[in-house]
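Participant: Show me how the following folds:
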Amino acid sequence: MVLTDAHLFDSHDRQTIPRGQILEEVHLARDNERRRLSAEIHDGVVQWMVGALYRINACRQSMLPLKSGDLSDELTYIATTLKQSVGELRRIIADLRPPPLEKLGLIPALQQAIIALEESGVACHFESHGEPIKLTPCEERALFGIVQEALNNIRKHSGASNVHLLLSFQDDAVSVEVTDDGHGFSPEDTIDNRLRPEHIGLLSMKDRAELIGAYLEINSHPGEGTSISFTFCPASQR
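Facilitator: Presented below is the predicted three-dimensional model:
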């Protein structure tokens with residue numbers, strides 16, 4: 001998706017289309033792709049796995065316990081694995097389907113993302129400072145997308161026990177900082193290696209930040225946790 005967005009941006013930039021329209025088209029393309037993937041996963045692999053889980057449970061319950069101990073243990077293991085897989089796929093679907101920011105509002109949507117991370121066993125703290133500034137839909141989607149990707153990276157890769165999300169509204173700027181106490185990493189090595197999935201996530205965050213005129217700052221060292229922050233001036237304040 002990073003390469004697709006970059007190509008789209010370059011193509012429009014050459015045609016001198018207004019930046020706001022570029023942002024809108026990039027985010028619309030990304031959201032449409034997420035909806036398509038979400039529907040495909042839900043209507044395909046999730047349904048197959050749920051059906052397999054039901055059949056395995058039915059077989060296990062109908063087996064004679066006297067001669068089927070080993071097979072029953074194996075079916076129990078398979079059923080547990082399938083159940084975990086279904087849960088993970090449903091989480092991916094939820095991530096692919098962005099929350100209705102226009103209905104929820106930015107702060108409730110961020111709170112929802114924090115709650116989702118807490119459900120995986122990470123202690124989270126969310127703070128919002130200052131009087132909220134009006135943001136365009138594109139700015140809201142970019143801000144939320146960066147935070148969501150940061151939280152997903154924390155859940156998947158950081159090993160963190162605690163996460164802090166700070167949203168600050170100043171006179172003419174909005175700042176966001178996500179910090180964790182995980183095992184950290186080397187940002188330079190990570191960004192340079194574009195082939196691994198977690199690295200693509202960081203590049204996606206940089207891409208979203210640049211689209212709204214923000215600079216994404218990543219501070220991390222192995223064993224010392226990670227801080228991801230960015231600041232931008234909303235269109236309404238220019």
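Participant: And the helix or strand in which Arg141 is found, what does it pack against?
Facilitator: Secondary structure from DSSP states H and E places Arg141 in helix 137-153. Packed against helix 137-153 by the contact rule (3 or more Cβ pairs under 8 Å, 6 or more residues apart in numbering; DSSP states H and E) you find helix 19-41, helix 101-104, helix 106-118, strand 162-169, strand 174-180, helix 197-211, strand 226-232. Placement of C-beta: from N, CA and C, glycine included.
Participant: Report the mean per-residue pLDDT for it.
Facilitator: Averaging pLDDT along helix 137-153 gives 89.
Participant: any low-confidence regions in this structure?
Facilitator: Counting by pLDDT under 70, the chain shows low-confidence ranges at 1-40, 42-44, 62-70, 94-100, 188-200.
Participant: Only the buried residues of the longest helix seen in it, if you could.
Facilitator: Longest among the helix segments of the chain by residue count, using DSSP state H, is helix 69-96. Going by neighbour count (16 or more other Cβ atoms under 10 Å), the buried part of helix 69-96 is 72, 75, 79, 82, 86, 89, 92-93, 95-96.
Participant: helices or strands up against that helix?
Facilitator: Using 3+ Cβ pairs under 8 Å, 6+ apart: helix 69-96 touches helix 19-41, helix 47-62.
Participant: Just the CA trace of the last one, in CSV.
Facilitator: Spelled out, that is helix 47-62. Provided in CSV are the C-alpha atoms of helix 47-62 (Å, rounded to 0.1, in the frame of the first residue of the first chain):
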residue,chain,number,x,y,z
GLN,A,47,-16.4,-18.6,7.6
TRP,A,48,-14.3,-21.7,6.6
MET,A,49,-12.5,-21.7,9.9
VAL,A,50,-15.7,-21.3,11.9
GLY,A,51,-17.2,-24.2,10.0
ALA,A,52,-14.2,-26.4,10.6
LEU,A,53,-14.2,-25.6,14.3
TYR,A,54,-17.9,-26.6,14.6
ARG,A,55,-17.2,-30.0,12.8
ILE,A,56,-14.2,-30.7,14.9
ASN,A,57,-16.1,-30.1,18.1
ALA,A,58,-18.9,-32.3,16.9
CYS,A,59,-16.5,-35.1,16.1
ARG,A,60,-14.8,-34.8,19.5
GLN,A,61,-18.1,-35.0,21.4
SER,A,62,-19.3,-38.0,19.5
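Participant: who touches it?
Facilitator: Helix 47-62 has contacts (Cβ atoms under 8 Å, 6 or more residues apart in numbering) with 72, 75-76, 78-79, 82-83, 85-86, 89.
Participant: Quick check: buried residues in it?
Facilitator: For helix 47-62, the neighbour count (16+ other Cβ under 10 Å) marks 49, 53, 56, 60 as buried.
Participant: Show me which of the residues you listed is closest to Glu102.
Facilitator: Nearest to Glu102 among the buried residues of helix 47-62: Met49, at 33.0 Å, using Cβ to Cβ.
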